[in-house]
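Asker: just coords:
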Ligand SMILES: Cc1cc2nc3c(=O)[nH]c(=O)nc-3n(C[C@H](O)[C@H](O)[C@H](O)COP(=O)(O)O)c2cc1C
């Protein structure tokens with residue numbers, strides 16, 4: 001079994017943690033997480049990632065200090081660092097795999113925070129021995145969340161509206177109209193889990209169009225023009241966001257016994273799809 005709890009509970013529980021307790025992560029949890037990372041390397045669109053988990057020994061917390069991140073992350077006890085090979089769908093696959101790692105950490109009771117913009121990549125690149133054919137799109141700190149949210153956290157959370165999510169009607173469509181939960185049937189929960197996903201700046205760029213007749217779901221991106229140009233962005237984070245959405249969707253579908261496969265075949269839909277960027281399609285086999 002992938003997780004100890006239902007993935008829907010883990011997804012609901014996860015939120016970005018930017019301040020950590022002064023409590024080291026237990027050896028057993030470190031080993032569980034490392035084992036998980038080592039097998040989680042091929043994305044649904046077939047590109048390959050590598051992940052490492054680094055932690056500071058109790059007496060050597062300074063060794064992680066230099067790694068951060070313009071002061072926004074307080075007292076991390078470790079980091080998951082990931083790299084992905086250069087290939088057409090690498091960022092989507094990286095988003096999928098890294099989110100799976102983050103859900104595993106959440107399952108173990110650990111806090112995390114996707115960092116795709118605010119980290120200094122060269123030190124992390126050194127740690128993972130980044131190769132010429134690879135990039136390092138994002139990392140996450142790991143540790144126990146401090147119980148009370150502090151001032152920095154609440155400023156960041158308020159600025160990005162971190163607790164807010166767009167309504168179904170803005171995200172999911174069928175026949176160029178909003179898709180209702182009833183029309184989604186068994187897929188209502190996988191879609192709801194996409195809606196709760198984290199995204200860079202909480203822009204929520206995922207748009208999903210259901211086929212009129214079948215359990216086929218086309219995943220698109222609604223690009224937020226500002227984001228790609230920010231000087232500190234390491235990669236096109238909105239593509240990473242689509243991979244995260246695919247991860248929530250597929251893991252939830254799997255847990256509900258809904259089988260399906262990912263393919264890349266643009267249906268070239270008209271109407272609202274014209275303003276969106278197509279990524280991939282889930283072809284569900286269940287009725
Ligand atoms: C790809 C990606 C990159 C992100 N980069 C950063 C970052 O650089 N700094 C940061 O503080 N939060 C970052 N976040 C966290 C988002 O701001 C956060 O997920 C969003 O506001 C929703 O809040 P939640 O994760 O608590 O649900 C990133 C999230 C994603 C998915």
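Answerer: Structure received. None of the values given here were measured: they were computed from a predicted structure. Numbers count the residues shown, from 1 in each chain.
Asker: The closest residue to residue 50 other than its chain neighbours: what's it in contact with?
Answerer: Counting by C-beta to C-beta, 6 or more residues apart in numbering, residue 83 is the residue found nearest to residue 50 once chain neighbours are left out, at 5.2 Å. Heads up, the C-betas are built off the backbone N, CA and C, glycines and all. Residues in contact with residue 83 (C-beta atoms under 8 Å, 6 or more residues apart in numbering) are 49, 50, 125, 128, 130, 131, 134, 135, 136.
Asker: Could you identify the helix or strand that succeeds the host helix or strand of residue 83?
Answerer: Taking DSSP states H and E as the criterion, the element that holds residue 83 is strand 78-85. From strand 78-85 onward toward the C-terminus, using DSSP H and E, the following helix or strand is helix 90-107.
Asker: Could you see whether the ligand lies near that following helix?
Answerer: No - against the ligand, helix 90-107 shows no contacts by C-beta under 6 Å from any ligand atom, the least distance being 6.7 Å.
Asker: would you list every one of the strands in this protein?
Answerer: Using DSSP state E, the strands assigned to the chain run over residues 49-55, 78-85, 111-112, 134-135, 139-143, 172-174, 177-178, 206-210, 216-221, 260-263, 277-284.
Asker: who are the neighbours in contact with residue 55?
Answerer: Shown here is residue 55, whose contacts under the criterion C-beta under 8 Å, 6+ apart are 24, 25, 30, 77, 78, 142.
Asker: these two touch, right, the first one and residue 64?
Answerer: No - taking contacts as C-beta atoms under 8 Å, residue 24 lies outside contact range of residue 64: 11.6 Å.
Asker: hey, what's in contact with both of these two?
Answerer: residue 77.
Asker: Near the ligand, which residues of this protein are found?
Answerer: In this structure, the chain approaches the ligand at residues 15-16, 72, 113-118, 138, 156, 160, 162, 198-202, 237, 240-241, 244, judged by C-beta under 6 Å from any ligand atom.
Asker: Please pick the buried ones from those residues.
Answerer: Neighbour-count burial (16 or more other C-beta atoms under 10 Å) is assigned, among the residues of the chain next to the ligand, to 15-16, 72, 113-118, 138, 162, 198-202, 237, 240-241, 244.
Asker: Which residue is the nearest non-sequential neighbour of residue 92?
Answerer: For residue 92, ignoring the flanking residues on the chain, the nearest one in space by C-beta to C-beta, 6+ apart is residue 243 at 3.9 Å.
Asker: now the helices for this protein?
Answerer: Taking DSSP state H as the test, the helices found in the chain are 7-13, 27-39, 62-65, 90-107, 121-128, 151-159, 168-171, 181-184, 188-195, 237-255.
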